[in-house]
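Colleague: no letters, just coordinates:
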């Protein structure tokens, strides 16, 4: 009976009736639904010291063991995050300054927020350090493709000004390559 229920849930999940995010309690793997296929992801945790938190690291398209390139990216992220964080904050700040006018127009259009209330969620851009209080790292994503070089990963941040789309940072060769909406972390 349980097998039939699982089969039915799997079938319905593929067609979008149930979300697929299954994690077996004895394994550190998740299943992620992407378009018409289900991909496996191994997860670990890592400290993100600059934000005084611990985050999930997803190894996408991976089942069982992570490969040596993924391991190097994981270890490199832990080792280099102190040097990466100022560049990440700087690039997020540059991106935010560009999109701030559009967000301000959207947030202000309904007239629901006073300037003080608006500042709580959509701060006037002043410095990269100022924005740090408005973002929080959610997870790091590391691909499982031999074409990716060491130092390639993506970080998803939640942010107060766009709770629907979040904020994505793509790292290549241990440098910030791109900042944008959260969908940026789904790089293939």
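Modeller: Perfect, I can see it now. Source: prediction; values computed, not measured.

Colleague: backbone phi and psi for the closest residue to residue 121 other than its chain neighbours, please?
Modeller: Excluding the flanking residues, the one nearest residue 121 by CB to CB, 6 or more residues apart in numbering is residue 160, at 4.5 Å. (Glycine included, C-beta is placed from N, CA and C.) Note on residue 160: its backbone torsions stand at phi -70, psi -30 [degrees, to the nearest 10].

Colleague: ok, now which ones touch residue 160?
Modeller: Residue 160 makes contact with 120, 121, 122, 134, 135, according to CB atoms under 8 Å, 6 or more residues apart in numbering.

Colleague: tell me the mean pLDDT over the top helix by length along the chain?
Modeller: Assignment by DSSP state H gives helix 68-108 as the longest helix of the chain. Helix 68-108 shows an average pLDDT of 95 in the prediction.

Colleague: which residues touch the following helix or strand past it?
Modeller: On the C-terminal side of helix 68-108, the nearest following helix or strand under DSSP states H and E is helix 115-121. Around helix 115-121, the neighbours that count as contacts under CB under 8 Å, 6+ apart are 104, 107, 108, 113, 134, 160, 161.

Colleague: for the residues you listed, work out which two are farthest apart.
Modeller: Spanning the widest gap among those are 108 and 134, at 17.3 Å by CB to CB.

Colleague: more crowded one of these two?
Modeller: residue 134 (18 against 13; other CB atoms under 10 Å).

Colleague: what number of residues lie near residue 126?
Modeller: 10.

Colleague: quick one: low-confidence ranges for this protein?
Modeller: 1-39, 146-147, 188 (pLDDT under 70).

Colleague: quick test: name the residue nearest the centre of it.
Modeller: Nearest residue to the geometric centre of the chain (CA atoms, centre = their mean): residue 156, 2.0 Å.

Colleague: where's that residue, which helix or strand?
Modeller: strand 153-159.

Colleague: okay, buried residues for that strand please.
Modeller: 153, 154, 155, 156, 157, 159 (16 or more other CB atoms under 10 Å).

Colleague: columns distance to residue 75 on top of the residues you listed, output as TSV?
Modeller: Shown next, in TSV, are these (distance: CB to CB, whole Å):
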residue	distance to residue 75
153	12
154	17
155	16
156	20
157	22
159	27
